[in-house]
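In: here are the coordinates; sequence isn't available:
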Ligand SMILES: *Cc1c(COP(=O)(O)O)cnc(C)c1O
């Protein structure tokens, strides 16, 4: 199957899962995750209708940026503070903010570029040592700090990556926990121009339909669209 056919197939499954969970297809965005794949492959996905693509490393994003057709880029992987300046005017959203220090650097670079950067707070649902992200109970304190100190940053919601699992259903409790916190956030009384929790980024190739059923608004799908990855 071609990338176009696979993309279309995933898009249809994404839309069906949205409808099944009582929402409209456009309420859930399909983010095509392109790490390890080249500009040609990315352009094929764009030709098939991809509007949003995600990279998890700054260097890789920069290498492809000029070779890829106009599209909305997202940074979804761990971001080092010294690399923020390289992507600040290239991405529409940073999904992986997990510290005040990183938020402050994004704020500084966004202000210098004359823009406001949309971010998500990454939560580490199972508190796995190998993963980035913060504990769910620490989200409110971080968000409050960002809202108070970072006028060029707008907090849009949460991102989570559940532990690797054999079955998609194994991820459901983690998705549900993230969604509960996301719903609580909507009650927090913080200024709307800095805080509008409308984005819940969760679900990958193996479990995106479960994530949508649990309230995801952006699914990040890589290998089901582009095939297996060969890490260099
Ligand atoms: C690679 C990656 C994905 C996509 O994973 P697949 O299982 O290939 O769909 C999603 N989110 C993040 C943060 C990733 O690094």
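Out: Perfect, I can see it now. For clarity, every value in this text was computed on a predicted model and none was experimentally measured.
In: does the ligand sit close to stretch 7-16?
Out: No: judged by C-beta under 6 Å from any ligand atom, stretch 7-16 stays clear of the ligand, getting no closer than 9.4 Å. C-beta here means a position set from N, CA and C on the backbone, and glycine is covered the same way.
In: what number of residues lie near residue 12?
Out: Residue neighbour count, defined by other C-beta atoms under 10 Å, stands at 11 for residue 12.
In: how near is the residue lying closest to residue 55 once chain neighbours are set aside to the ligand?
Out: Nearest residue to residue 55, sequence neighbours excluded (C-beta to C-beta, 6 or more residues apart in numbering): residue 61, at 4.0 Å. Computed as C-beta to the nearest ligand atom, to the nearest Å, the residue 61 to the ligand distance reads 12 Å.
In: isn't residue 111 right next to residue 151, touching?
Out: Yes: between residue 111 and residue 151 there is a contact at 7.3 Å, judged by C-beta atoms under 8 Å.
In: average pLDDT across the longest helix along the chain?
Out: Longest helix of the chain, by residue count under DSSP state H: helix 3-20. The average of the pLDDT scores along helix 3-20 is 98.
In: The helix or strand following that helix packs against which elements?
Out: Along the chain past helix 3-20, the next helix or strand (assigned with DSSP states H and E) turns out to be strand 29-33. Counting contacts by 3 or more C-beta pairs under 8 Å, 6 or more residues apart in numbering; DSSP states H and E, strand 29-33 is packed against helix 3-20, strand 52-55, strand 218-221, helix 223-226.
In: what does the first one contact?
Out: The set of residues that contact helix 3-20 without belonging to it, under C-beta atoms under 8 Å, 6 or more residues apart in numbering, is 1, 24-25, 27-28, 30, 32, 41, 44-45, 47-50, 208-209, 212-213, 219, 221, 224-227.
In: change it to 7 Å
Out: 24-25, 27-28, 30, 32, 41, 44-45, 47-50, 208-209, 212-213, 219, 221, 224-226 (C-beta atoms under 7 Å, 6 or more residues apart in numbering).
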